[in-house]
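> Structure for this input, please:
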Amino acid sequence: MLRKLVDNKFANVATFYVVSVFLLMISPPLLIFKIMYNIFVSFRPTDMNIRGKVVLITGASSGIGECLAYEYAKREAFLVIVARREERLEKVAEKARGIGSPDVLVICGDVSDFNDCRRFIDEAINHFGRCKISFHS
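Just a heads-up that it's a prediction; the model follows:
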């Protein structure tokens, strides 16, 4: 009985160390895979049907805002693009129209100014007759 208990204790300890080493070897690649997968999934375009809807994008003269304008243009959404650099906005609007947006409204302004924010929404509603407000984080 004592010998059987000693053998089981050795097997339990050996199994623990083998499993621990295996998990330590597999965990970093698995963790990296999970992180990369989550990043990929978060940037993957969804299958939203936004054709004909009005989308207001701030910071659309460059960076993420510009990319969003092009992605929504591909889906044939009406765009309201807002930024401080009007000449850059005009170029983005021209390209968005070429990609597929039926109409692009360019508004020059600053989102840190409350009155400008009201003006963006008012101009969008006056131009398109509607604007559904939703926020995405």
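> how many other residues sit next to residue 29?
9 (other C-beta atoms under 10 Å). C-beta: built from backbone N, CA, C; applies to glycine.
> Which helix or strand contains it?
helix 2-43 (DSSP states H and E).
> Over to residue 98?
Using DSSP H and E, residue 98 falls in helix 86-99.
> From the contact count, pick out the helices and strands touching whichever helix or strand comes after the helix holding residue 29.
Once the chain leaves helix 2-43, the next helix or strand it forms, by DSSP H and E, is strand 54-58. Counting contacts by 3 or more C-beta pairs under 8 Å, 6 or more residues apart in numbering; DSSP states H and E, strand 54-58 is packed against helix 63-74, strand 78-83, helix 114-128.
> Please identify the most buried of the ones you listed.
Of all those, strand 78-83 has the most neighbours on average by mean count of other C-beta atoms under 10 Å, namely a mean of 26.
> for the helix or strand just after the helix holding residue 98, packing partners?
Downstream of helix 86-99, the next assigned helix or strand under DSSP H and E is strand 104-108. Strand 104-108 makes packing contacts with strand 78-83, helix 86-99, helix 114-128 when contacts are defined by 3+ C-beta pairs under 8 Å, 6+ apart.
> what's the model's confidence in strand 104-108, averaged?
Across strand 104-108, pLDDT averages out at 95.
> cool, stretch 114-124 as well?
The average pLDDT for stretch 114-124 rounds to 90.
> Just the residues contacting that stretch, thanks.
54, 56, 58, 80, 82, 105, 107, 109, 110, 111, 131, 133 (C-beta atoms under 8 Å, 6 or more residues apart in numbering).
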